[in-house]
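Q: Show me how the following folds:
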Amino acid sequence: MKLTTRGHYSVKALLDLSLNSDQTPISVKDIANRCNLPAPYLEKLLIEMRRGGLVNSVRGSLGGYKLAYNPSQISIGQILEAVGETIEPFSNYQPNKTQVEDLVTFSLWRRLHQKLKEALYNISLADLYYDARSQQASLGQDTSFIV
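A: Residues are numbered from 1 along each chain as shown. Below you'll find the model as predicted:
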């Protein structure tokens, strides 16, 4: 399993929204600049996350995107799911049923996959927010711990 660019950029964009939002919409251009992402690509990801119910969009000259929920209510698993990211390790694999070792290995990987999936749905955007703010504080940067 590998987190693709789509998944990485999506988490990065929503973390940026949580770090820089005072509940006013943030433009795609501003998010893209801070995250060093191509704005058109980011726009597509944000549209997918809007369809997934994770962000709201506001039109107009002062428009942009904002989180639809408190960061503590948005899991990394939900973000990945919203942009079509999959963590399925064995989409087409069938173990050889005549080889015990193959069945045991398949069972082990299936259990590890389940634990990983549980972890992704138990890590919230707020968890990453606090990690980022702690890192900023350790570097002597001004921080605000309001979520």
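Q: just the strands in the chain please.
A: 55-58, 64-67 (DSSP state E).
Q: okay, those in JSON lines with mean pLDDT, mean neighbour count and distance to Tyr129 next?
A: All C-beta spots, glycine's among them, are computed from the backbone N, C-alpha and C. Putting these into JSON lines (pLDDT from 0 to 100; neighbours: other CB atoms under 10 Å; distance: least, CB to CB, whole Å) gives the following:
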{"stretch": "strand 55-58", "mean pLDDT": "94", "mean neighbour count": "17", "distance to Tyr129": "15"}
{"stretch": "strand 64-67", "mean pLDDT": "94", "mean neighbour count": "21", "distance to Tyr129": "11"}
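Q: could you dump those to a markdown table with distance to Glu101?
A: Below are those laid out as a markdown table (distance: least, CB to CB, whole Å):
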| stretch | distance to Glu101 |
| --- | --- |
| strand 55-58 | 46 |
| strand 64-67 | 47 |
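Q: thinking Pro71 is in contact with Ala132, fair?
A: No - using CB atoms under 8 Å, Pro71 is not in contact with Ala132, being 10.8 Å away.
Q: Those two: which has the busier surroundings?
A: Pro71 (20 against 15; other CB atoms under 10 Å).
Q: Show the contacting residues for Leu120.
A: Ser75, Ile76, Gly77, Leu80, Ile87 (CB atoms under 8 Å, 6 or more residues apart in numbering).
Q: For the second one, grab the count of nearby residues.
A: So that's Ile76. Ile76 has 23 nearby residues by other CB under 10 Å.
Q: got it, and the last one?
A: The burial metric for Ile87, expressed as a neighbour count using other CB under 10 Å, is 15.
Q: The third one now?
A: By the other CB under 10 Å criterion, the neighbourhood of Gly77 contains 19 residues.
Q: cool, and the fourth one?
A: Applying the criterion other CB under 10 Å, we find 22 residues in the vicinity of Leu80.
Q: ok, now how distant is the residue lying closest to it once chain neighbours are set aside from Lys115?
A: Excluding the flanking residues, the one nearest Leu80 by CB to CB, 6 or more residues apart in numbering is Gly7, at 4.9 Å. Gly7 sits 18 Å away from Lys115, taking CB to CB, to the nearest Å as the criterion.
Q: More neighbours: which of the two?
A: Gly7 (22 against 9).
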